[in-house]
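Novice: the amino acid sequence is not available; the structure is as follows:
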């Protein structure tokens with residue numbers, strides 16, 4: 001991967017794209033350090049540090065710590081991500097949206113516009129929630145009279161505008177940079193939180209001086225996480241290839257077809273989306289508890305969904321498997337794949353065209369899906385299990401690792417494709 005970046009830097013056009021991308025990322029980090037007026041960040045941080053398992057931790061992760069610091073980009077790209085998920089799910093419910101996704105470039109532009117409108121609404125809603133949280137925790141400087149109304153308008157408007165500005169910055173990276181704009185912003189936010197991970201490791205090594213057992217556990221945890229990185233890279237590259245044979249056709253005086261190909265099916269078909277779905281859903285009870293300061297039996301029940309319990313780990317695993325199957329089901333249609341093969345005179349050796357082909361593809365996808373789901377469960381739940389068994393607080397969760405590795409591989413592949421288009425022999429011949 002580092003060789004890919006080195007080769008890309010030698011090409012003037014790519015070098016300009018990389019520098020433009022770095023400039024946008026620098027603007028993102030600058031905006032993540034500019035505080036929003038009328039909000040006391042320290043009071044808010046004290047409240048967030050005491051809440052476990054709420055959705056605010058997820059927002060803080062995506063924004064690179066901007067959420068807890070009450071900065072301009074506190075909401076990060078979460079409104080756009082949630083909007084994209086909602087629109088994808090609605091395509092299953094509303095046939096009109098599904099038809100738009102099948103109308104080529106023009107349909108995708110309309111869907112993108114609808115997604116942006118939905119993101120605007122969600123950014124305003126999340127900004128209002130942030131204002132309510134700040135008001136409840138006493139983090140707002142002004143809460144009464146005209147000054148309170150004015151501060152509410154400024155805070156909500158600034159947070160919503162910051163979220164939409166980030167979306168625009170991501171689109172600029174797509175248009176003039178190296179692509180994967182929104183993913184790169186998330187990647188940068190997580191990397192900026194690495195300092196907290198390093199500080200935590202230093203603290204644990206200091207504590208370990210008085211405990212030989214604890215001193216032995218820390219290197220094992222580090223080695224385990226390195227193994228997780230390697231496993232994620234290997235799994236993202238792994239795929240099941242279904243062989244396809246195309247029949248020969250004579251069109252005019254030319255003969256077409258007669259070639260062998262394959263249908264690639266990745267082991268991790270859904271990426272990190274099931275983990276995001278599951279963590280977002282499970283964080284709702286803890287978020288309600290923190291937002292409304294619920295005590296008593298209901299508070300105890302809602303607190304059971306905190307990230308530090310075995311029950312949370314079990315539900316987390318089950319939801320990841322369920323969402324993985326659901327996401328794959330709405331993304332891949334074996335019947336459509338079988339029909340496309342038949343239209344192009346393609347067949348799977350040993351399988352009859354039509355329904356037998358769709359059943360075979362469905363069976364393969366089902367087997368691959370369960371393998372991918374188990375892999376996601378191990379990556380996402382393992383940090384929780386380590387924390388429960390050893391007492392070592394893992395600052396870098398499974399979701400963060402999946403996003404970091406996935407985005408890094410996507411960037412590498414994007415740069416390779418740019419160089420491949422420029423040099424037809426491939427980037428290795430540069």
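Specialist: That came through, no problem. All figures in this text were calculated on a predicted structure; none of them were measured in a lab.
Novice: use CA for all of it now, contacts and neighbours both
Specialist: Will do.
Novice: what is the helix or strand harbouring residue 357 packed up against?
Specialist: Counting by DSSP states H and E, the element that carries residue 357 is helix 355-390. Where contact means 3 or more CA pairs under 8 Å, 6 or more residues apart in numbering; DSSP states H and E, helix 355-390 is packed against strand 260-266, helix 310-331, helix 334-343, helix 398-422.
Novice: for residue 192, find the nearest of those.
Specialist: helix 398-422 (11.6 Å; CA to CA).
Novice: now do the buried residues in the closest one.
Specialist: For helix 398-422, the neighbour count (16 or more other CA atoms under 10 Å) marks 398-409, 411-412, 415-416, 418-420 as buried.
Novice: check stretch 350-366 too.
Specialist: In stretch 350-366, counting by 16+ other CA under 10 Å, buried: 353-354, 357-358, 360-362, 364-365.
Novice: also stretch 137-157?
Specialist: Neighbour counts over stretch 137-157 (16+ other CA under 10 Å) mark 137-140, 142-143, 151-152, 155-156 as buried.
Novice: any chance of a markdown table for those residues, columns secondary structure?
Specialist: Compiled in a markdown table, the buried residues of stretch 137-157 are given as follows (DSSP: H, G, I helix; E, B strand; the rest coil):
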| residue | secondary structure |
| --- | --- |
| 137 | coil |
| 138 | coil |
| 139 | coil |
| 140 | strand |
| 142 | coil |
| 143 | coil |
| 151 | helix |
| 152 | helix |
| 155 | helix |
| 156 | helix |
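Novice: could you point out which of those residues is nearest to residue 243?
Specialist: Nearest to residue 243 among the buried residues of stretch 137-157, with distances taken as CA to CA, is residue 156, at 54.3 Å.
Novice: quick one: that closest one and residue 122 touch, right?
Specialist: No - here residue 156 does not reach residue 122: they are 11.9 Å apart, not a contact under CA atoms under 8 Å.
Novice: summarise which helices and strands the helix or strand hosting residue 80 is packed against.
Specialist: Assigned by DSSP H and E, residue 80 belongs to helix 78-93. Judged by 3+ CA pairs under 8 Å, 6+ apart, the packing partners of helix 78-93 are helix 95-101, helix 104-136.
Novice: now mean pLDDT, mean neighbour count and distance to residue 219 too, for those, in JSON lines please.
Specialist: Formatted as JSON lines, those follow (pLDDT from 0 to 100; neighbours: other CA atoms under 10 Å; distance: least, CA to CA, whole Å):
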{"stretch": "helix 95-101", "mean pLDDT": "82", "mean neighbour count": "15", "distance to residue 219": "48"}
{"stretch": "helix 104-136", "mean pLDDT": "88", "mean neighbour count": "17", "distance to residue 219": "39"}
